[in-house]
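Trainee: Have a look; sequence and predicted model below, questions after that.
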Amino acid sequence: KAGVTQTPRYLIKTRGQQVTLSCSPISGHRSVSWYQQTPGQGLQFLFEYFSETQRNKGNFPGRFSGRQFSNSRSEMNVSTLELGDSALYLCASSPRGDEQYFGPGTRLTVT
Amino acid sequence: AQSVAQPEDQVNVAEGNPLTVKCTYSVSGNPYLFWYVQYPNRGLQFLLKYITGDNLVKGSYGFEAEFNKSQTSFHLKKPSALVSDSALYFCAVRAALRNFNKFYFGSGTKLNVKP
């Protein structure tokens, strides 16, 4: 089975712009979660989607949003980018809600 | 509130020696506990999990973890470390059933295995 894929792998944006990140889960996995990883804050949960519905949400501002399509692919959008949004964004899929399988991440740099 | 603590930012061990990476947790109800490993510029890889049953859980690459309910700990162990085990290790707990798939991760422990 193919693993979790994320595109793009690297992205450079300027402050004030918006960005969309994409995640394709492992085939058959209906749960997709997003995390932000930074050196200072570690791994922080953004949100989780299951069957096109947001089921859980972390403590991030409304600039961070996401969606999930009928084929379980998910996108994450960040509007009005700030320097502090520079991070590795990780997507993870799960078959049953126990272990998660992570993609390689998208490295976002905001200048 | 659910939380995970990894008290050591870094663990140094010589190749061939046993290693332990510590994790303590706080969770409502029965814990679902996990260990993940992250290599540079890569996503996290699942190592092992504890859901129920035997307190000693065996996982990938020769790693194992011991669940201790009284001490609320889930330490990762390996009898003989390899240089290739050098990586960042994360402990995680899954929140109670109401927040079905919400995971809380520790801050990570960098493991350095020296030849």
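Mentor: Nice, thanks for sending it over.
Trainee: wait, doesn't residue A:37 sit right on residue A:46?
Mentor: No: contact between residue A:37 and residue A:46 fails when scored by Cβ atoms under 8 Å: they sit 10.5 Å apart. Placement of C-beta: from N, CA and C, glycine included.
Trainee: Give me the common contacts of those two.
Mentor: residue A:89 (Cβ atoms under 8 Å, 6 or more residues apart in numbering or on different chains).
Trainee: Near the residue of chain B found nearest chain A, how many other residues are there?
Mentor: Of chain B, the residue with the smallest distance to chain A, taken as Cβ to the nearest Cβ, is residue B:43 at 3.6 Å. Number of residues near residue B:43 (other Cβ atoms under 10 Å in any protein chain shown) recorded here: 22.
Trainee: The closest residue to it other than its chain neighbours bridge partners, please.
Mentor: Excluding the flanking residues, the one nearest residue B:43 by Cβ to Cβ, 6 or more residues apart in numbering or on different chains is residue A:102, at 3.6 Å. Note on residue A:102: beta-bridge partners residue A:92, judged by DSSP bridges.
Trainee: Wait, residue A:102 touches residue A:92, no?
Mentor: Yes: A contact is recorded between residue A:102 and residue A:92 when judged using Cβ under 8 Å, the distance being 4.6 Å.
Trainee: which of the two has more neighbours?
Mentor: For residue A:102 versus residue A:92, neighbours defined as other Cβ under 10 Å are more numerous around residue A:92 (27 against 22).
Trainee: Residue A:78: neighbour count?
Mentor: Residue A:78 has 25 neighbouring residues, counting by other Cβ under 10 Å.
Trainee: Just list the residues touching residue B:63, thanks.
Mentor: B:35, B:47, B:48, B:76, B:77, B:78.
Trainee: re the thing from before, retrieve the pLDDT associated with the residue nearest to residue B:43.
Mentor: On the pLDDT scale, residue A:102 is placed at 94.
Trainee: separation between residue B:3 and residue A:55?
Mentor: Counting by Cβ to Cβ, to the nearest Å, the gap from residue B:3 to residue A:55 is 21 Å.
Trainee: Tell me the strands beside the worst-scoring helix or strand of chain B on mean pLDDT, with direction?
Mentor: The helix or strand of chain B with the poorest confidence is strand B:103-105; it has a mean of 87 (mean pLDDT, DSSP states H and E). Paired strands of strand B:103-105, with direction, are strand B:87-94 (antiparallel) (DSSP bridges).
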